[in-house]
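A.B. asks: predicted structure and sequence below. I'll ask about it afterward.
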Amino acid sequence: MLRKYNRALADFNKSLEIEPKAVWTLRKRAYSYYALKQYDDAMNGLDKVLEIEPGNARVLKLREEVRGLLKKEDNAVNDFNKSLEIEQIS
């Protein structure tokens with residue numbers, strides 16, 4: 001299973017060389033890093049997604065989880081609250 005994510009990461013990185021702001025690819029790459037437990041890379045990817053889609057509640061929830069794993073609980077709570085606000089508006 002991990003090999004699948006590593007291959008996907010290689011493909012995502014190639015794709016992002018061509019289109020650096022392809023949000024779907026950025027999101028999938030971040031999920032792949034998360035699945036591989038590369039949480040710092042996942043966090044960086046999620047931050048990039050949120051620069052483009054600041055109102056993406058699913059990405060905020062995942063970033064909240066990653067922040068918790070990285071022991072950044074204060075920021076995790078902020079992401080969680082923001083994701084709840086977005087879901088109530090939607």
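C.D. replies: Structure's in. What do you need? Residues are numbered from 1 along each chain as shown.
A.B. asks: ok, which stretches of this structure are helices?
C.D. replies: Using DSSP state H, the helices of the chain run over residues 2-18, 23-35, 39-52, 57-69, 73-89.
A.B. asks: how about those in TSV, adding mean pLDDT and mean neighbour count?
C.D. replies: To be clear about C-beta, it is placed using only N, CA and C from the backbone, and glycine gets the same treatment. What follows is the helices of the chain, written out as TSV (pLDDT from 0 to 100; neighbours: other Cβ atoms under 10 Å):
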stretch	mean pLDDT	mean neighbour count
helix 2-18	94	13
helix 23-35	97	20
helix 39-52	96	18
helix 57-69	92	20
helix 73-89	75	14
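A.B. asks: now residue 51: how far from residue 23?
C.D. replies: Using Cβ to Cβ, to the nearest Å, we find residue 51 at a distance of 10 Å from residue 23.
A.B. asks: which pLDDT value goes with residue 21?
C.D. replies: On the pLDDT scale, residue 21 is placed at 94.
A.B. asks: name all residues that make contact with it.
C.D. replies: residue 52 (Cβ atoms under 8 Å, 6 or more residues apart in numbering).
A.B. asks: do residue 49 as well
C.D. replies: 23, 26, 27, 30, 56, 59.
A.B. asks: from these, pick the one nearest residue 11.
C.D. replies: Nearest to residue 11, judged by Cβ to Cβ, of the contacts of residue 49 is residue 26 at 13.1 Å.
A.B. asks: the closest one: what's it in contact with?
C.D. replies: Shown in contact with residue 26 (Cβ under 8 Å, 6+ apart): 16, 45, 48, 49, 52.
A.B. asks: and which of those is nearest residue 81?
C.D. replies: Of the contacts of residue 26, the one sitting nearest to residue 81 (Cβ to Cβ) turns out to be residue 49, at 18.5 Å.
A.B. asks: distance of the closest one from residue 3?
C.D. replies: 24 Å.
A.B. asks: and residue 53, by the same measure?
C.D. replies: Counting by Cβ to Cβ, the gap from residue 53 to residue 3 is 29 Å.
A.B. asks: ditto for residue 55
C.D. replies: On the measure of Cβ to Cβ, residue 55 and residue 3 end up 34 Å apart.
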